[in-house]
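> predicted model follows, preceded by the sequence.
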Amino acid sequence: MNELHGESRVVALVPAAGQGVRLGESKPKAFVPVGGSPMLALAVDGLIASGSVDEVVVMVPADLIDETRALLPESAIPVHVVPGGAERTDSVRAGLDAAPDATFVLVHDAARALTPPSLISRVVAELRAGAPAVVPALPVTDTIKSVDAAGAVTGTPDRSGLRAIQTPQGFDARLLRAAYATDTQATDDAGLVELLGTTVLTVLGDPLAFKITTPLDLVLANTLVAQRNTPIAAREAVTTP
């Protein structure tokens, strides 16, 4: 029995086997440092700090397993490292196989390294309240256009009904396993669950949970970490004429 949460267990899966070509780095994206620490380590730190997770499973390239174990923080909860797959879906399947006793599963992008622990806790709270699938979401602020293959605009959807989806995405473990038992494809885990006809609940996301995908994203992330690590008095001294 889990001492914190009774018999139910929340296991967070962190796919970290992707190369991150758009970031322009020579190493897998999850291992690129932000503020001196690899994105992956920051993401795992956030999961642990939430106090809502009982176990973390990280899926990485097979040749980086030992390196990953060395860089991850020591923790009061188990953090396992297993081989990932060629595609993200393959990695999530590997993570599910490594967490057979999970009641609830979170799937969290390592590239969302600055996700606040409070957001993670919000997702888990809704799962424990009975929602089968929960995703963090933010209102879309840009105007969105649909276009055809030639780039011509075909429509302008009403953005009031659109949301940008973040992670961690949370699921009843049995539901996510059922979704991954199919051969269908989707751009995120919630998309696979939606195809089963399950309602996915949204909770308020957080701007800090942005995905570090491009070099500009990396600059922003490093700046935010530098500000976070600078004492308030020092920041005031810089900004005071």
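Looks like it came in fine.
> show me where this structure has its helices.
Using DSSP state H, the helices of the chain run over 39-49, 65-71, 88-97, 117-128, 173-180, 189-194, 215-229, 232-239.
> could the ones you listed be laid out in a markdown table, adding distance to Ala12, mean neighbour count and mean pLDDT?
(Each C-beta comes from the backbone N, C-alpha and C, glycine too.) Output for the helices of the chain, formatted as a markdown table (distance: least, Cβ to Cβ, whole Å; neighbours: other Cβ atoms under 10 Å; pLDDT from 0 to 100):
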| stretch | distance to Ala12 | mean neighbour count | mean pLDDT |
| --- | --- | --- | --- |
| helix 39-49 | 5 | 23 | 96 |
| helix 65-71 | 15 | 14 | 93 |
| helix 88-97 | 9 | 20 | 94 |
| helix 117-128 | 8 | 20 | 98 |
| helix 173-180 | 12 | 19 | 97 |
| helix 189-194 | 12 | 22 | 96 |
| helix 215-229 | 20 | 14 | 93 |
| helix 232-239 | 31 | 8 | 48 |
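> and the ones you listed: which comes nearest Ser8?
Closest to Ser8 of the helices of the chain, according to Cβ to Cβ: helix 117-128, at 7.4 Å.
> ok and that closest one relative to helix 39-49, angle-wise?
60 degrees (axes from the mean of the first three to the mean of the last three Cα atoms, to 10 degrees).
> between helix 117-128 and helix 173-180, how many degrees?
Using the same axes, to 10 degrees: helix 117-128 against helix 173-180 is 90 degrees.
> chain center to helix 117-128, what's the gap?
Centre-to-centre, helix 117-128 and its host chain are 13 Å apart (Cα atoms, centre = their mean, to the nearest Å).
> give the contact list for Val134.
123, 126-127, 169-171, 200-203 (Cβ atoms under 8 Å, 6 or more residues apart in numbering).
> swap in 10 Å and give it another go.
104, 106, 122-127, 168-172, 190, 200-203 (Cβ atoms under 10 Å, 6 or more residues apart in numbering).
> re earlier: got CSV for the helices of the chain, with distance to Met59 too?
As requested, these are exported to CSV (distance: least, Cβ to Cβ, whole Å):
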stretch, distance to Met59
helix 39-49, 10
helix 65-71, 10
helix 88-97, 4
helix 117-128, 18
helix 173-180, 13
helix 189-194, 13
helix 215-229, 22
helix 232-239, 38
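> now the end-to-end length of stretch 46-53.
Stretch 46-53 stretches 10 Å from its first residue to its last (Cα to Cα, to the nearest Å).
> just so I know, which of the helices of the chain lies nearest Gly161?
Comparing the helices of the chain under Cβ to Cβ, the one sitting nearest is helix 189-194, at 15.5 Å.
> who's in contact with that closest one?
Applying Cβ under 10 Å, 6+ apart, the external contacts of helix 189-194 come out as 13, 15, 88-89, 92, 105-107, 132-135, 137, 165, 167-172, 175-176, 178-182, 184-186, 188, 198-202.
> isn't Asp172 right next to Val200, touching?
No: between Asp172 and Val200 there is no contact under Cβ atoms under 10 Å: 11.5 Å.
> residues shared between the contacts of these two?
In contact with both Asp172 and Val200: 131-134, 193, using Cβ under 10 Å, 6+ apart.
> ok, which pair from these is furthest apart?
Ala131 and Val193 (11.4 Å).
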